[in-house]
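[1] would you be able to build a 3D model of this:
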Amino acid sequence: MHERREIEERTILVADDEPEIAELLKLFLERERCRVIVAGNGQEAWRIIQQEQVDLAVVDIMMPELDGYQLIGRIREKHTIPVIILSAKGGDVDKVTGLGIGADDYISKPFSPIEVVARIKAQLRRYYELKGAGGDGASPKLATVCGPLKLDHEACMLYKRGQEIALGPLEYKLLKLLMESPGRIFTKRQIYENVWNEPYLEDSNTVMVQISRLRDKLEDDPREPRFLVTIKGLGYKLDPRDVAP
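    Numbers count the residues shown, from 1 in each chain. Okay, the predicted model is just below:
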């Protein structure tokens, strides 16, 4: 019952230049009582995002006018909504690239519509948990401050010396984990299981990709990070010595 409420009445954008795929997803999503908007190219999808209150976007990579990578780049400049890539390009490099530019999940074609719906539910659940949906009535902490960094938990937004930095859902959750325990070293397993809420089964680049994305936004020079520090052989930490105002 609770899971169904997470998707019903949400607005889902499906951006794919193959009408059969878009209509198939629309059919399955509308069974879950959510609102579905279909876009046949990247430019149309971008116009919809600017005009509508979209809760989640499913994006194909190879689209005319504006491809999926470009579309996701534009989304991430202004929005924190979950983005799922749905693409025929299923190689490891394609997946790492997609996650690296801001996608929250990557599904290869051909796909199971039931699996896509399940992953959409999972992303929406995480997103609205981060924004405080379904709380237990206790007053939540509105922000975490660490030196020049302020993480706004209501807006899921980061401020660095007063400058606003938009974060994706996974970026927010990862930074929240580190900022709430400055100086503590987290292993990749600990980060993965806390941020993704899934068992860590194998050594992959998933955590490193998210760390790299955060450094690109957070560090003055991502090649020489001062905030998000790698501890060789152990993991990562937010270095409290380097977050002085």
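[2] where do the strands sit along this protein?
    Defined through DSSP state E, the strands belonging to the chain, from first to last, are 11-15, 35-39, 56-59, 83-87, 105-108, 143-146, 149-152, 157-160, 163-166, 228-231, 235-238.
[3] columns distance to Arg126 and mean neighbour count on top of these, output as TSV?
    C-betas here are computed from N, CA, C, even on glycine. Output for the strands of the chain, formatted as TSV (distance: least, Cβ to Cβ, whole Å; neighbours: other Cβ atoms under 10 Å):
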stretch	distance to Arg126	mean neighbour count
strand 11-15	15	24
strand 35-39	20	19
strand 56-59	11	26
strand 83-87	12	24
strand 105-108	10	18
strand 143-146	18	15
strand 149-152	16	19
strand 157-160	17	18
strand 163-166	17	13
strand 228-231	21	16
strand 235-238	20	21
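[4] dump those strands to CSV, plus mean pLDDT.
    As requested, the strands of the chain are arranged in CSV below (pLDDT from 0 to 100):
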stretch, mean pLDDT
strand 11-15, 95
strand 35-39, 95
strand 56-59, 96
strand 83-87, 94
strand 105-108, 92
strand 143-146, 84
strand 149-152, 88
strand 157-160, 89
strand 163-166, 89
strand 228-231, 92
strand 235-238, 92
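[5] could you dump those to a markdown table with distance to Leu177?
    Conversion of these to a markdown table gives the following (distance: least, Cβ to Cβ, whole Å):
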| stretch | distance to Leu177 |
| --- | --- |
| strand 11-15 | 28 |
| strand 35-39 | 32 |
| strand 56-59 | 23 |
| strand 83-87 | 21 |
| strand 105-108 | 19 |
| strand 143-146 | 10 |
| strand 149-152 | 11 |
| strand 157-160 | 13 |
| strand 163-166 | 17 |
| strand 228-231 | 11 |
| strand 235-238 | 9 |
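[6] for Arg184, find the nearest of the ones you listed.
    With Cβ to Cβ as the measure, strand 235-238 is the member of the strands of the chain nearest Arg184 (6.0 Å).
[7] the longest helix in the protein is where?
    Ranked by residue count and defined by DSSP state H, the top helix of the chain is helix 113-130.
[8] quick one: low-confidence parts of the protein?
    Within the chain, the set of residues satisfying pLDDT under 70 comprises 1-8, 131-141, 203-204, 240-245.
[9] all helices of it, in order?
    Taking DSSP H as the criterion, the chain carries its helices at 2-7, 19-31, 42-51, 68-78, 92-101, 113-130, 169-179, 188-195, 206-218.
[10] which one of the ones you listed lies closest to Thr144?
    Nearest to Thr144 among these is helix 169-179 (4.9 Å), distances taken as Cβ to Cβ.
[11] tell me the angle of that closest one relative to helix 188-195?
    120 degrees (axes from the mean of the first three to the mean of the last three Cα atoms, to 10 degrees).
[12] so what does helix 169-179 touch, helix or strand wise?
    In this structure, helix 169-179 packs against helix 113-130, strand 143-146, strand 149-152, helix 188-195, helix 206-218, strand 235-238, with contacts taken as 3 or more Cβ pairs under 8 Å, 6 or more residues apart in numbering; DSSP states H and E.
[13] tell me what angle it forms with helix 113-130.
    Per the same axes, to 10 degrees, the angle that helix 169-179 makes with helix 113-130 is 40 degrees.
[14] circling back: of all the strands of the chain, which one is nearest Asn194?
    strand 235-238 (11.9 Å).
[15] helices or strands up against that closest one?
    In this structure, strand 235-238 packs against helix 169-179, helix 188-195, strand 228-231, with contacts taken as 3+ Cβ pairs under 8 Å, 6+ apart.
[16] winner for burial among the ones you listed?
    Taking mean count of other Cβ atoms under 10 Å as the contact definition, the stretch among those with the greatest mean neighbour count is helix 169-179, which reaches a mean of 23.
[17] right, and Glu52 touches Ile37 too?
    Yes - because the distance of 6.4 Å satisfies Cβ atoms under 8 Å, Glu52 is recorded as touching Ile37.
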